[in-house]
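K.L.:
Coordinates only, no sequence provided:
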């Protein structure tokens, strides 16, 4: 029992650390995807702020995901862990790219005062949190379903 509690706390703290570590990187990656998918028709300007947090919930979500993954993966074999982790990462980046593609193109289409089809955005005009959280939720859905099915079978 102590082992489960210790590993749960460590996975929670590890997820929190991953949230802090990836915060600025993911924000910059989303901006690059917006520029890439619109063929440089979106430009960013303004002051680049490097906040400590998107908000308290960004690292907290990663902390809960770390805890969730610990409980899901502790009953899996190594092969299943690798398979599920690759699936989650693949789905995350696929959904992230699709959301950025649609959002960036919608921003170009809705622009009525653009110069030569080029839209200039502030760095804060993108809803980073919504894009990231939707990507994470859809990426974790398959292993969540597998976990719930496994729980029903064991009951």
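P.N.:
All right, it came through fine. As the structure is a prediction and not an experimental result, all values here were calculated from the model.
K.L.:
How far away from the center of its chain is the lowest-mean-pLDDT helix or strand in the chain?
P.N.:
Ranking every helix and strand in the chain by mean pLDDT, DSSP states H and E puts helix 57-73 at the bottom, with a mean of 80. In terms of Cα atoms, centre = their mean, to the nearest Å, the gap separating the centre of helix 57-73 from the centre of its chain is 12 Å.
K.L.:
Angles on the backbone of residue 75, please.
P.N.:
Note on residue 75: backbone dihedrals following degrees, to the nearest 10 are phi -100, psi 0.
K.L.:
Can you give me the neighbour number for the closest residue to it other than its chain neighbours?
P.N.:
Using Cβ to Cβ, 6 or more residues apart in numbering and skipping the chain neighbours, the partner closest in space to residue 75 is residue 150 (7.1 Å). (C-beta placed from N, C-alpha, C; glycine too.) Residues contacting residue 150 under the criterion other Cβ atoms under 10 Å number 13.
K.L.:
same thing with the one 3 residues further on?
P.N.:
Burial of residue 153 is recorded as 7 neighbouring residues (other Cβ under 10 Å).
K.L.:
quick one: the helices in this protein?
P.N.:
Here the chain has its helices, by DSSP state H, at 2-37, 57-73, 78-109, 128-154.
K.L.:
Could you identify which of the ones you listed is most buried?
P.N.:
helix 57-73 (a mean of 19; mean count of other Cβ atoms under 10 Å).
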